[in-house]
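Visitor: Got a sequence here, can you build the structure:
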Amino acid sequence: MKHLSKFPVILLFSILVLVSKNTIAQNYEAIKTDAEYFFLDSISRDIIAIRIDSAKVTGNDIIYYNYKQMRPSDNICFSPGASWLGEILEKPDGMFIFSGYTFSPANSIDTFRIQTKAGINQPWHFYNYTASSDYIEANIPEINLMAFLNLTDSVKVITLTRKNLSGQIVSDPVNSQKILLSKNFGLIRLPKFEDLTYFNNFYDLVGKTNPETGITNLKTMQIYDFQPGDEFHTVYYNRYFSIPYPETTISTIMKVLSKTVSISGDSVNYEFEQCQSNCYKLSDTSITITYRIDTISEFYSTQSSPEFESEPLEPVSAMQNDRVISTFMGLSADPLFPFTDLPYKAIQSLEAYSYSSQNCYTPVMIDGCLTSVYYFKGLGGPYYNCSEISWGPSYNLLKYYKKGSETWGMPLSCDSLRQVGLPEYAMIGKINIYPNPATDNITISIPAGLSLPGRFYLFDISGRLVKELTINQPSQSFDISELPSGLYTYNLTTTKGEVFHGKIIRQ
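Guide: Reported below is the predicted structural model:
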């Protein structure tokens, strides 16, 4: 196995202007091995990566190996499989061939070609259909200087057109789609080849390493990057099954007191001042509330969190009891999900189990709910919100943070958490939302004894936050006419940390 490194050639702007188009057309490469490259699907907001782990020289050809990914093998199972790029073969004439998918369109021959040395108006067959004589023609109408990621480079614009055997254009969503090939950075816009004839998804370069530019993978030391004085206020809630009880609510305030980073820089230890209340309800009349104020230590390291060091959807496996646990991460570029106004990028993780009798990984359930958990840059985690009705809701939500002079959300009060007691809960009772079912408007009625303002969160059946409101008055009406009909769950949090939840039907 021979490992190759390709370093980009940095050209001065004046030189780029002077070179002819024929010269510009040379020396392009579809795949670069000098860095990790991150691409965004603008529809799903998911990010996938190119990280060439190794390359093998076979005769005059070079085979590149991108990292493997977790893939759905059927409706139930996931398994480690081929990269989203497939096998990558570079030919001496500059043709890059992407092929060899485990899962691929039924009418394809699993081969997609990018001719990196083609000049303007020199077409080639990018893809051939086997169920018909149709093919996708690639052509380069222009080669321009283009700006991306605060960089400027010469870029070949490759247009795609579906044609029949006679060369006539066949109507297809792929027509006029563009692949972009940068001279020094390789492909900066490309399709997910195996999905091309189904979803027509194209991915755009949004980040790279070496040097780090744009959106890149979040690592352990970035997720848990706190400073003395930072605060994190969270509320955890869990109710088993669809019965009213038992249920647990834990409200926690964590303030960073000190930070110690290891000499190697791969681990960090924090001292936190913790204020916490724990309310356990076995029934309406059986409520146990405890609180604590203490100093605790938390240790984070790259070794203990290998999933954070891996690329999106890269499997990381470890033995636990009699089964293998694989965790694979997905990097999300949308800073608004699942917490509105939270200006940090999220990593979405999904654990999977594999029993020794079969190579089948299935998603794990968090407290009885099938969900995903999230970690945020500089805010830690895991955070999640699960509204699975058959099991009962469960969530761990960040309600407030303070980082330096920046704050977000509504803070909890340690004094209020310590004063929470059974008589107060008995006096408060429950909030009332009516009408329910509702059509266009709902009224939220707050009982006496609650501290306002409060925050009202409305989630759809999948657990996605669809509406967030501020409650300033004991009785307040809101318009929900823009929401689709269906079942919704809500959480209402007060300044004292009380949390209420329930269901709303929008007709």
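Visitor: distance of the spatially closest residue to Tyr135 that is not a sequence neighbour from Thr111?
Guide: If the residues on either side of it in the chain are set aside, Tyr135 comes closest to Asn128, at 4.7 Å by Cβ to Cβ, 6 or more residues apart in numbering. All C-beta spots, glycine's among them, are computed from the backbone N, C-alpha and C. Per Cβ to Cβ, to the nearest Å, Asn128 is found 7 Å from Thr111.
Visitor: Repeat that for Arg51.
Guide: 23 Å.
Visitor: show me what contacts Lys91?
Guide: The contact partners of Lys91, taken as Cβ atoms under 8 Å, 6 or more residues apart in numbering, are Asn60, Asp61, Ile97.
Visitor: how about 7 Å then?
Guide: Shown in contact with Lys91 (Cβ atoms under 7 Å, 6 or more residues apart in numbering): Asp61, Ile97.
Visitor: any idea how far Ile120 is from it?
Guide: Taken as Cβ to Cβ, the span from Lys91 to Ile120 is 21 Å.
Visitor: same deal with His501?
Guide: Distance from His501 to Ile120, by Cβ to Cβ: 62 Å.
Visitor: before we move on, what about Pro484?
Guide: Per Cβ to Cβ, Pro484 is found 48 Å from Ile120.
Visitor: which of these two has more neighbours?
Guide: For Pro484 and Ile120, the more surrounded residue by other Cβ atoms under 10 Å is Ile120, and the numbers stand at 15 against 8.
Visitor: quick one: that one from Val157, how far?
Guide: 10 Å.
Visitor: what sits in contact with each of the two?
Guide: By Cβ under 7 Å, 6+ apart, the residues touching both Ile120 and Val157 are Ile140, Pro141, Glu142.
Visitor: Next, the contact list for the first one, please.
Guide: The neighbours of Ile140, taking Cβ under 7 Å, 6+ apart as the test, are Ala118, Gly119, Ile120, Asn121, Gln122, Lys156, Val157, Ile158.
Visitor: Now tabulate the residues you listed in JSON lines and tack on pLDDT.
Guide: Output for the contacts of Ile140, formatted as JSON lines (pLDDT from 0 to 100):
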{"residue": "Ala118", "pLDDT": "96"}
{"residue": "Gly119", "pLDDT": "95"}
{"residue": "Ile120", "pLDDT": "96"}
{"residue": "Asn121", "pLDDT": "97"}
{"residue": "Gln122", "pLDDT": "97"}
{"residue": "Lys156", "pLDDT": "98"}
{"residue": "Val157", "pLDDT": "98"}
{"residue": "Ile158", "pLDDT": "98"}
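Visitor: Which of those are buried, as a PyMOL select command?
Guide: Burial among the contacts of Ile140 is assessed by 16 or more other Cβ atoms under 10 Å; the matching PyMOL selection reads:
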select buried, resi 118+156+157+158
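Visitor: Just name the closest of the contacts of Ile140 to Ser182, please.
Guide: Lys156 (8.1 Å; Cβ to Cβ).
Visitor: How about that closest one: what's its closest non-neighbour residue?
Guide: Leu181 (4.3 Å).
Visitor: domains for this structure, by residue range?
Guide: Here the domain parsing of the chain from automatic domain parsing is 13-214, 220-415, 429-506.
Visitor: Leaving out the residues flanking it, which one is nearest to Phe226?
Guide: Closest to Phe226 by Cβ to Cβ, 6+ apart is Val256, at 4.8 Å.
Visitor: which SSE is Leu187 in?
Guide: strand 186-191 (DSSP states H and E).
Visitor: what comes into contact with the following helix or strand past that strand?
Guide: Next helix or strand after strand 186-191 toward the C-terminus (DSSP H and E): strand 202-208. Contact partners of strand 202-208, identified using Cβ under 7 Å, 6+ apart, comprise 35-42, 47-48, 148-149, 177, 188-192, 213-216, 333.
Visitor: strand partners of strand 202-208, parallel vs antiparallel please.
Guide: strand 37-41 (antiparallel), strand 186-191 (antiparallel), strand 213-214 (antiparallel) (DSSP bridges).
Visitor: Report pLDDT for the nearest residue to Glu231 once chain neighbours are set aside.
Guide: In this structure, Glu231 finds its nearest non-sequential neighbour in Lys402, 4.2 Å apart by Cβ to Cβ, 6+ apart. Looking at Lys402, its pLDDT is 94.
Visitor: So what pairs up with Lys402 in the strands?
Guide: Beta-bridge partners, per DSSP bridges, of Lys402: Glu231, Thr407.
Visitor: Toward the C-terminus from whichever helix or strand the residue nearest to Phe226 is part of, list the very next helix or strand.
Guide: Assigned by DSSP H and E, Val256 falls within strand 247-261. Per DSSP H and E, strand 247-261 leads on to strand 267-281 as the next helix or strand towards the C-terminus.
Visitor: by contact count, what packs against that following strand?
Guide: Helices and strands touching strand 267-281, by 3 or more Cβ pairs under 7 Å, 6 or more residues apart in numbering; DSSP states H and E, are strand 247-261, strand 287-301, helix 414-419.
Visitor: partners of the first one, with directions?
Guide: Using DSSP bridges, the strands paired with strand 247-261 are strand 231-239 (antiparallel), strand 267-281 (antiparallel).
Visitor: Can you say which of those strands is packed in most?
Guide: Ranked by mean neighbour count under mean count of other Cβ atoms under 10 Å, those are led by strand 231-239, which reaches a mean of 21.
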